[in-house]
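1. Sequence isn't available, so here's the structure alone:
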């Protein structure tokens, strides 16, 4: 009976993992373990590649050797920057449960116009389309350009996922300022969230003495109503924790070329 239950559970896990890869290109082994899909990945025989990445391009201490996983070799041969952005997108897809609602699409922008577009979009939900962006350490100018570009493209809701934990509120305050300046008139809501694709343990759990926000949300009508004196006072920013953007640097550099080898993911017993 236990063997039969195990087979049913494993089949369900394989089905979930197939859904993950039907919408996403790359994940990490840390994500698979955290999501309870490690055994399913072994059964599917997915491919993997170990790559050294900076999860936060502004922090040398964020350098990590991560094992990226995909169903197709071509995705694993892509540059380090794309691997971590795609894994970040998968983290958002999973945490917001977008596999069960909405239509998810990864965007491949090219040229200057493409650089201002988000990493992915979601349609079929309230305030669609949504813009999904992964930020591993953008500069202030790039963030503003991205946000303005999203507004000009007609996106109505922005989900900004950053690997820099203490940046969550600051990006929200920047969007508030752009609303006040009338530069994001089509964007109605934002959801800025911490995004961690490298930890096996739950990175979003409550931790004593940690005052960094995992999520920060805002609505344009509320922010503008507060500024005009028509909204509740307790929504307004009190001026603390100033959003200092100086020193933010651009995200990772492009791929320098060279062949990349991918191998079949091995179970713990075989590694």
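-> Yep, it's here. Source: prediction; values computed, not measured.
2. Am I right that residue 144 is in contact with residue 175?
-> No - shown here, residue 144 and residue 175 do not form a contact pair, counting by C-beta atoms under 8 Å, at 9.8 Å. For the C-beta atoms, the positions are set from N, CA and C on the backbone; glycine is no exception.
3. Which one's more surrounded, the two?
-> residue 175 (25 against 18; other C-beta atoms under 10 Å).
4. so the more buried one makes contact with residue 187?
-> Yes - the pair residue 175 / residue 187 is scored as a contact, 7.4 Å apart, by C-beta under 8 Å.
5. what touches both of those two?
-> By C-beta atoms under 8 Å, 6 or more residues apart in numbering, residue 175 and residue 187 have these common neighbours: 147, 158.
6. what's the average pLDDT for stretch 11-23?
-> Stretch 11-23 shows an average pLDDT of 94 in the prediction.
7. Give me the pLDDT for residue 230.
-> At residue 230, the pLDDT value in this model is 60.
8. go on, the one 10 residues further on?
-> The score at residue 240 is 36. That number is its pLDDT.
9. Repeat that for residue 271.
-> 46.
10. Check residue 227 too.
-> On the pLDDT scale, residue 227 gets 74.
11. tell me which element it falls in.
-> Residue 227 belongs to helix 220-228 when assigned by DSSP states H and E.
12. Quickly note the distance from residue 117 to residue 152.
-> 10 Å (C-beta to C-beta, to the nearest Å).
13. actually residue 128, not the one I typed
-> Per C-beta to C-beta, residue 128 is found 17 Å from residue 152.
14. can you check residue 130 too?
-> 16 Å.
15. centre of the chain versus the helix or strand harbouring residue 174, how much separation?
-> Under the criterion DSSP H and E, the helix or strand holding residue 174 is helix 168-180. Mean-position distance between helix 168-180 and its chain equals 18 Å (C-alpha atoms, centre = their mean, to the nearest Å).
16. picking that back up, between residue 117 and residue 152, tell me which one has more neighbours.
-> Higher neighbour count among residue 117 and residue 152: residue 117, with 20 against 15, using other C-beta under 10 Å.
17. Go ahead and confirm the more buried one touches residue 151.
-> No - the criterion here is C-beta under 8 Å, and residue 117 misses it with residue 151 at 11.7 Å.
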